[in-house]
Structure formats: C-alpha cells, structure tokens
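Participant: Structure for the following, please:
(one chain, ligands or ions: 1)
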Amino acid sequence: MAVKPLVAGNWKMNGTKASVAEFVAIADGVSPALADAVEVAVCPPATLVAALATLGRLPVGGQDCHADASGAHTGDVAAEQLKDAGATYVIVGHSERRADHGETDAVVAAKARAARRAGLVAIVCVGETRAEREAGRTLDVVGTQLAGSLPDGVEPTNTVVAYEPVWAIGTGLTPTVADVAEVHAFVRARLVERFGAAGAGVRILYGGSVKPSNARELMAVPEVNGALVGGASLKAADFLGIVAAYA
Ligand SMILES: O=C(CO)COP(=O)(O)O
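Facilitator: Modelled structure (predicted):
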C-alpha cells in the first residue's frame, strides 16, 4: 500500500497569537506539488488550535487529550473539544507527557481510543531512554510500549505511530540510520503481526532532533513515513527545509 508521508510539527509549550504568522508562512511554503507528495501538519498548544484550524490551510493537531469526553477534569482538554476546534490529529503518549505526568501505556491507549471516538487521528509516541538503549533494551521497550499504548482496531486512517528516542529529543543527537531502520522495521513487523493488512499502512514517523540538514537521510530510511518535529518546526524556514526532503 502506498503510504503518503506525514511531517508534523510539535510546537510543544511554545507559541502565542503572534505565531499564527509562522503557521501561515509554513502553509505558504507547501506548494501544490509538495502537498501531493507529503502531508504537512502542525500541532500547536491548545490555545492556538482553533485559530490555526480556522484558517483551513493545513491540518492541525492537539498535543494531548483526556480519555473522557467531558467532565470534572480541571485543565484537561477532551478529544471532542480538539475536534470541535478544528483539529485533525492529536499526539498522545509523548515522552514529555509520560515523564512529566506519569502517563502509563494504559493511559496512552485510553487517550488513543478517545481520539478515535472523537474522530481524530492519534499520533501515538514510543521510544527508549538513553539508559534503555545502552542496556540493549530498545526493542523490548518499544515493543512493550506499542503493545500497551495501541488500542485494538488500529487502522491507517485512525492512528500514526511516532518513534521518538527520548535521548534524541531536543539534544541534537540522532540514532544512526541503521538504528532507525532497525526500530522502524521492528515497529512495522509488530503492527502487521497485530493488525494485519491495516498495520502495513499505518504511518511510522521518526522524531528527535530532525533538522533540514539530516531530514533527507532520515526520511529515506525504509519504513520511515515522515517526521515528528519539535524545535525545528517553530520557524517556517527550518520546518519547510525538512518538508523539502520530499520535494
Ligand atoms: O519531541 C519531539 C517531537 O515530538 C522532537 O523534538 P525535537 O525535534 O526538538 O528534538
């Protein structure tokens, strides 16, 4: 199955109303030809989802959602609210959420189910820490996270997996191409094992210090179907330099 790659920007806790101009600059840089080759999305902080989505230029995503559709959960955002604000995607299980908020695989799976219930595509994140990689446990850890964080019924239309080694996030460090290839092949095998033909079509993104200078090399790795980009998605020129890997 031909899989259209996805390059998604994760702005994390960055951005104000002034950032709308950066989003527009990103959208302006995605030519029709580029849009045929790659889907480009931006996941801004929740405060900006509606403002960006209303422009109708590029798909927009949230960075987290609660498992419930509504209720007494001060400070949380429901997948239904992101959908109502115009979102297409929602990131769940980012390692910063797992670390800062103690999110377990079961919590992440519940959020992925909530995303589907609301009609959003869940971008489910997995990835090992430096200590886990050094102990040779990368595939074990990623396999356990996948098993626990992906709900049943995964389809290419409702789920994207992002492999983000924790030690590569915001550090300027990236795994070798061979290491990325090994993990992505492993993730693909697990997806096909559990979800059959549907698992073959689920996009697997690489995330962690993706930059214009390394995007082409990383995006060419087999089973890498795009990128989840943090810091370099905040500036249109950098983000578009990454998207250009698909030009
Ligand atoms: O966490 C990330 C995307 O979700 C990656 O962040 P950086 O691209 O800043 O390393």
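Participant: Select the longest helix from the chain.
Facilitator: Ranked by number of residues, the top helix in the chain under DSSP state H is helix 177-195.
Participant: neighbours of the closest residue to the ligand within the chain, just the number please.
Facilitator: Among the residues of the chain, residue 230 lies nearest to the ligand; the distance is 2.2 Å by C-beta to the nearest ligand atom. Placement of C-beta: from N, CA and C, glycine included. Counted with other C-beta atoms under 10 Å, the burial measure for residue 230 works out to 21 neighbours.
Participant: likewise residue 20?
Facilitator: For residue 20, the neighbour count with other C-beta under 10 Å is 16.
Participant: Excluding sequence neighbours, find me the nearest residue to it.
Facilitator: Taking C-beta to C-beta, 6 or more residues apart in numbering as the measure, residue 20 lies nearest to residue 51, with 5.7 Å between them; neighbours along the chain are not counted.
Participant: Check the contact between the one you found and residue 18; I expect there is one.
Facilitator: No - using C-beta atoms under 8 Å, residue 51 is not in contact with residue 18; the gap is 11.0 Å.
Participant: before we move on, the earlier item: gap between the closest residue to the residue of the chain closest to the ligand other than its chain neighbours and residue 22?
Facilitator: Counting by C-beta to C-beta, 6+ apart, residue 10 is the residue found nearest to residue 230 once chain neighbours are left out, at 5.2 Å. Separation of residue 10 from residue 22 (C-beta to C-beta, to the nearest Å) stands at 14 Å.
Participant: more crowded one of these two?
Facilitator: Between residue 10 and residue 22, residue 10 has the larger neighbour count (other C-beta under 10 Å), namely 26 against 21.
Participant: where does the more buried one sit relative to residue 153, distance-wise?
Facilitator: 25 Å.
Participant: How about residue 177?
Facilitator: With the distance defined as C-beta to C-beta, residue 177 ends up 33 Å from residue 153.
Participant: ok, these two, which is more surrounded?
Facilitator: Summary of the neighbour comparison: residue 177 and residue 153, criterion other C-beta under 10 Å, with residue 177 having more neighbours (15 against 12).
Participant: Report the spatially closest residue to the more buried one, excluding sequence-adjacent ones.
Facilitator: Distances taken as C-beta to C-beta, 6+ apart place residue 221 nearest to residue 177, at 5.6 Å, with adjacent residues excluded.
Participant: Checking my notes, the one you found in a helix, right?
Facilitator: No - Residue 221 sits outside any helix when classified using DSSP: H, G, I helix; E, B strand; the rest coil, being coil.
Participant: I'd assumed residue 182 was in contact with it.
Facilitator: No - contact between residue 221 and residue 182 fails when scored by C-beta under 8 Å: they sit 9.7 Å apart.
Participant: which of these two has more neighbours?
Facilitator: Set side by side, residue 221 and residue 182 give different neighbour counts by other C-beta under 10 Å, the larger being at residue 221 (20 against 16).
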